[in-house]
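J.: need a 3D model of the sequence below.
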Amino acid sequence: MSNNVNRPSLRELAAAVAFDVNRTVGGGHASIELLRRTFTSRGSLDAASHGLIIAVSRLTPGTNILAYCVTLGWRFHSWTGALVALAAASVPGAFVIVVLTATLAQIDRYAVVRALLAIGILVASVLVLSSAWALIRPYLSKSARVRALIVTAVAAALIAVEATPVRVLFAAAAVGLLLPEGETQR
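T.: Below you'll find the model as predicted:
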């Protein structure tokens with residue numbers, strides 16, 4: 001338990017965790033920093049305690065932000081605090097995902113939505129293919145065509161025999177290194 005005089009109540013802990021964790025997008029690092037700032041400004045957490053909580057959260061497998069919240073809750077209120085912090089960090093996000101999933105399951109039956117999704121997939125495919133073409137084009141000069149075709153054939157053969165993607169990439173790289181380099185256009 002915490003030796004700090006400004007130990008937050010369970011309600012304050014839950015509110016701070018729910019607010020700070022569920023208002024960020026893109027990973028737990030931003031949420032951890034918001035929690036650090038919140039509890040430091042209230043006098044409930046010092047740098048040494050924050051460092052210890054970070055270290056513990058990094059040791060545990062899985063999502064670091066949830067481990068951080070559980071450790072933070074434990075620091076202030078033992079098991080009860082750990083469970084409250086875990087619920088405050090995960091339940092609001094889980095609720096949003098359930099609502100979005102239910103919504104998508106309902107609107108997927110409309111032809112307009114299916115058409116928009118198909119257009120989105122088509123646009124994404126065109127963007128990927130145009131990027132691939134921009135990357136491949138310099139290697140398709142007359143002198144480099146044979147090299148590019150051999151690398152492609154080796155990769156296709158490995159894919160056909162269900163080799164793992166990592167093995168396909170390593171084999172293609174090895175073949176590309178072993179073949180004499182041709183002139184490329186830039």
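J.: neighbours of A124, just the number please.
T.: Applying other Cβ atoms under 10 Å, we find 10 residues neighbouring A124. Every C-beta, even on glycine, is put in place using the N, C-alpha and C of the backbone.
J.: same check, this time on the one 3 residues further on
T.: When neighbours are counted by other Cβ under 10 Å, L127 registers 10.
J.: for R137, see how far away it is.
T.: In this view, L127 and R137 are 16 Å apart by Cβ to Cβ, to the nearest Å.
J.: same check, this time on A48
T.: Applying Cβ to Cβ, the value for A48 to R137 is 56 Å.
J.: who has more neighbours, those two?
T.: R137 (12 against 8).
J.: for the more buried one, phi and psi?
T.: Backbone torsions for R137, taken as degrees, to the nearest 10, come to phi -50, psi -40.
J.: in the helix or strand where L52 lies, which residues are buried?
T.: Using DSSP states H and E, L52 maps to helix 47-59. Across helix 47-59, burial judged by 16 or more other Cβ atoms under 10 Å covers S49, H50, I53, I54, V56, S57.
J.: out of those, the closest to T80 would be?
T.: I53 (17.3 Å; Cβ to Cβ).
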